[in-house]
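Q: sequence and predicted structure, then a few things I'm wondering about:
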Amino acid sequence: MRVGDRHFRSIWLEQDGWSVGAIDQRRLPHDFVTVRLATSDAAADAIRSMLVRGAPLIGATAAYGMALAMRADPSDAALDEVHHTLIGTRPTAINLRWALDEMRTLLRPLPPQQRTAAAYARATAIAEEDIAINQGIGRNGLELIEKIAATKKQGERINVLTHCNAGWLATVDWGTATAPVYLAHDRGHSIHVWVDETRPRNQGASLTAWELGHHGVPHTVIPDNTGGHLMQHGMVDLVIVGTDRVTADGDVCNKIGTYLKALAAYDNGVPFYVALPSPTIDFSVADGVREIPIEQRGAEEVTHMTGQTADGRIETVRIVPDGSPVANYGFDVTPARLVTGLITERGVLKPDRAALAAAFPERTAAAAE
Ligand SMILES: CSC[C@H]1O[C@H](OP(=O)(O)O)[C@H](O)[C@@H]1O
């Protein structure tokens, strides 16, 4: 998407045809820095450190990581080792496992000498597919926004609330939750986004606000605890969030705090939508609260904050007393009963097994094998 007068994706194949470029999202919003990943270990470190983050993007990065590994050593042992290394980087987003299993299923039967070219072709296809899927999500979500626009006076603002970053930075391009917003804005609708800052890593304040600002979308950054108040006062027309894993029964795992937004939305009759590409559906699990592994990240993400001083220096400061214990759960699960609809590339679906199976029969067949 747009960064000033240039267009970027979140990940790309470099001119050399084999190394991988990515935006260092840890440096945003203060510095726009790109990096070149030249080994599968560098790809794994990029995922672990959240240099790249967002369910679809870590899947695409892992796919390219396997291609980098095959370029270095296309043996069976190397294939198994890189699959094991990459799948262990982050446990919650199912896109990571989906992409790695796709790659291994493709590569395993091939003679080693054919694996590198096949790996790069499939990794590139996964990235291109993500863009096309997100454009489909955008079109299907736009219909929801335009239905709301039709109930408002000419030019009256449509207010969307989102949590964390499910924007183009969380995918290869366009984003999931933001794709309908970008399309609505580009079509001239008066759309505004309440952006949850999303403690502790502040993906909303640092990434979603940065994205929307570069695209010219009106937005307001709010502390995480504000959404319920806004909904009580009729200031939110709909909530659209992303997700890291949706179960066969429609439970939604997403950034910590999403469940609380869903409860507030349910209590105030605000439509709560989740935007997702089909690789985010995990047909092998039903009960999200009990079956989805929730990543716990380091205490330093809670005890410290990083920001920019008035004279432009980047500083990290402690905000929690030394010695105070910390819990840092990265995700939570919103039960399907709190979800109004799932915005997918194949339409807006009810959050239930029958709707998901009907929309994606090929995925349910594969899960049954
Ligand atoms: C389009 S999926 C984005 C999803 O991923 C984020 O998690 P993280 O920033 O930790 O990778 C968050 O849960 C977003 O909703």
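A: Arrived safely. Numbering: from 1, shown residues only.

Q: so which bits of this structure are right by the ligand?
A: Within reach of the ligand by Cβ under 6 Å from any ligand atom, the chain has these residues: 53-56, 164, 166, 170-171, 176, 203, 241-242, 244, 254-255, 330. Every C-beta, even on glycine, is put in place using the N, C-alpha and C of the backbone.

Q: centre of the chain to the host helix or strand of residue 160, how far?
A: Per DSSP states H and E, residue 160 falls inside strand 158-162. Remark: strand 158-162 is offset 18 Å from the chain centroid, using Cα atoms, centre = their mean, to the nearest Å.

Q: what packs against that strand?
A: Helices and strands touching strand 158-162, by 3 or more Cβ pairs under 8 Å, 6 or more residues apart in numbering; DSSP states H and E, are helix 112-149, helix 179-186, strand 191-196, helix 227-232, strand 238-241.

Q: you'd agree residue 193 is up against residue 162?
A: Yes: using Cβ atoms under 8 Å, residue 193 is in contact with residue 162, at 6.0 Å.

Q: overlap in contacts, these two.
A: Residues touching both residue 193 and residue 162 by Cβ atoms under 8 Å, 6 or more residues apart in numbering: 181, 208.

Q: for residue 356, which three-state class applies?
A: Judged by DSSP: H, G, I helix; E, B strand; the rest coil, the three-state class of residue 356 is helix.

Q: so what sits opposite the nearest residue to residue 124 once chain neighbours are set aside in the bridge?
A: Among residues not flanking residue 124 along the chain, residue 13 sits closest, at 6.5 Å (Cβ to Cβ, 6 or more residues apart in numbering). When assigned by DSSP bridges, residue 13 has beta-bridge partners residue 20.

Q: low pLDDT regions in this structure?
A: 365-369 (pLDDT under 70).

Q: could you chop it up by domain?
A: Domain ranges of the chain: 2-128, 140-368, per automatic domain parsing.

Q: which one, of these, ends up nearest to residue 134?
A: Taking Cβ to Cβ, domain 140-368 is the member of these nearest to residue 134, at 3.8 Å.

Q: what residues does stretch 66-76 touch?
A: 18-20, 37-40, 42-43, 78-79, 81-83, 86, 100, 103-104, 107-108, 112-113, 115-116, 119-120, 122-123.

Q: ditto for stretch 262-276
A: 137, 141, 144, 166, 176-177, 179-180, 227-228, 231-232, 236-243, 246, 252, 254, 261, 334, 338-344, 348, 351.

Q: try stretch 311-328
A: Around stretch 311-328, the neighbours that count as contacts under Cβ under 8 Å, 6+ apart are 30-31, 200, 296-299, 301-309.

Q: that one: which residues count as buried?
A: residue 328 (16 or more other Cβ atoms under 10 Å).

Q: start and end of it, how far apart?
A: Stretch 311-328 has an end-to-end distance of 31 Å (Cα to Cα, to the nearest Å).

Q: ok, stretch 17-24 next?
A: End-to-end distance of stretch 17-24: 20 Å, with Cα to Cα as the criterion.

Q: return the set of buried residues in it.
A: Those would be 19, 20, 21, 22, 23, 24, for stretch 17-24 by 16+ other Cβ under 10 Å.

Q: I'd assumed residue 11 was in contact with the third one.
A: Yes: between residue 21 and residue 11 a contact is recorded at 6.9 Å, counting by Cβ under 8 Å.

Q: just to revisit the earlier point, buried subset of the contacts of stretch 66-76?
A: If you count burial by 16+ other Cβ under 10 Å, the buried members of the contacts of stretch 66-76 come out as 19-20, 37-40, 42-43, 78-79, 82-83, 86, 100, 103-104, 107, 115-116, 119-120, 122-123.

Q: identify the residues contacting the residue nearest to residue 217 when sequence neighbours are not counted.
A: Closest residue in space to residue 217, ignoring its immediate chain neighbours: residue 185 at 4.9 Å, by Cβ to Cβ, 6+ apart. Contact analysis of residue 185 by Cβ under 8 Å, 6+ apart lists 191, 215, 216, 217.

Q: what sits against the residue positioned nearest the centre of the chain?
A: By Cα atoms, centre = their mean, the mean C-alpha position of the chain lies nearest to residue 54, the distance being 3.3 Å. Applying Cβ under 8 Å, 6+ apart, we find residue 54 in contact with 10, 93, 165, 166, 169, 170, 171, 242.

Q: which ones among those are found in helices?
A: Of those, none are assigned to helices by DSSP state H.

Q: is it possible to export those residues to TSV including neighbour count?
A: Listed next are the contacts of residue 54 as TSV, based on neighbours: other Cβ atoms under 10 Å:
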residue	neighbour count
10	26
93	31
165	32
166	33
169	26
170	29
171	33
242	30
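
Q: so residue 139 sits against residue 183, correct?
A: Yes: assessed by Cβ under 8 Å, residue 139 is found in contact with residue 183 at 6.9 Å.

Q: settle it for me: which of these two has more neighbours?
A: residue 183 (21 against 15; other Cβ atoms under 10 Å).
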